[in-house]
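Here you go, sequence then predicted model.
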Amino acid sequence: MDPQADTTTQLLPHLLQLRNLLNRGALYEQAAEAAQVTLDRPAMTVLVILDAAKRPLRVGEIAARMQVVGPHVTRQLNNLEKRRMIKRVPDPDDQRARLIALTPAAEALVERYTTVVNGWFAAALTDWPADDRVELLRLIGRLTNDLTAQLDAVARDSTPPDDEL
């Protein structure tokens, strides 16, 4: 048997189980309650994405990272702006464009939320040797990057050329 085929066959069920575990309906609510977050999951996702980026982002960048369409993000941003969680700042590369940045209140909110979630991960990995934790991070990052590139290529290959639209 091909070892690579065996590995990939066994990988998908684990990834699906992990996805289901992380997307449990009550899981977000438990973390939000523990962190005293009153935002819905999509709004919190926007804030976490902005925090992880460590820089302001364009709406399109946020949408791509969420894997949703721009109007969905724009609605979230409008609501977050009303709640003073984000602010629109000039794009230094294009003065006509605006970037989305976190406010200090949003940064504090994200910090509380990620502390709760990271605590769950820390507890799950507490008995893992440090080398295993480092290797997990390296491998999950590599898998994410390689799979993203592969699926982007598949999407490009399945999109008809402009002259066929």
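Perfect, thanks for sending it.

helix/strand/coil for residue 97?
Put simply, residue 97 is strand when judged by DSSP: H, G, I helix; E, B strand; the rest coil.

any idea how far residue 67 is from the residue positioned nearest the centre of the chain?
The centroid of the chain falls nearest to residue 49 when counting by CA atoms, centre = their mean (5.4 Å). Per CB to CB, to the nearest Å, residue 49 is found 11 Å from residue 67. No exception for glycine: its C-beta is placed from N, CA and C like everyone else's.

swap in residue 81?
Taken as CB to CB, the span from residue 81 to residue 67 is 22 Å.

out of these two, which sits in the more crowded spot?
residue 81 (14 against 6; other CB atoms under 10 Å).

Just to be sure, the more buried one is in a helix?
Yes - counting by three-state DSSP, residue 81 is found in a helix.

For residue 103, give me its contacts.
When contacts are counted by CB atoms under 8 Å, 6 or more residues apart in numbering, residue 103 is found next to 84-87.

Can you tell me which of those comes closest to residue 94?
Distance to residue 94 across the contacts of residue 103 (CB to CB) is lowest for residue 87, with 17.5 Å.

buried residues in stretch 21-32?
28, 31-32 (16 or more other CB atoms under 10 Å).

Next, format those as TSV and append secondary structure.
Output for the buried residues of stretch 21-32, formatted as TSV (three-state DSSP):
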residue	secondary structure
28	helix
31	helix
32	helix
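
Out of those residues, which comes closest to residue 147?
Closest approach to residue 147 among those (CB to CB): residue 28, at 23.7 Å.

so which strand or helix has residue 126?
Following DSSP states H and E, one finds residue 126 outside all helices and strands.
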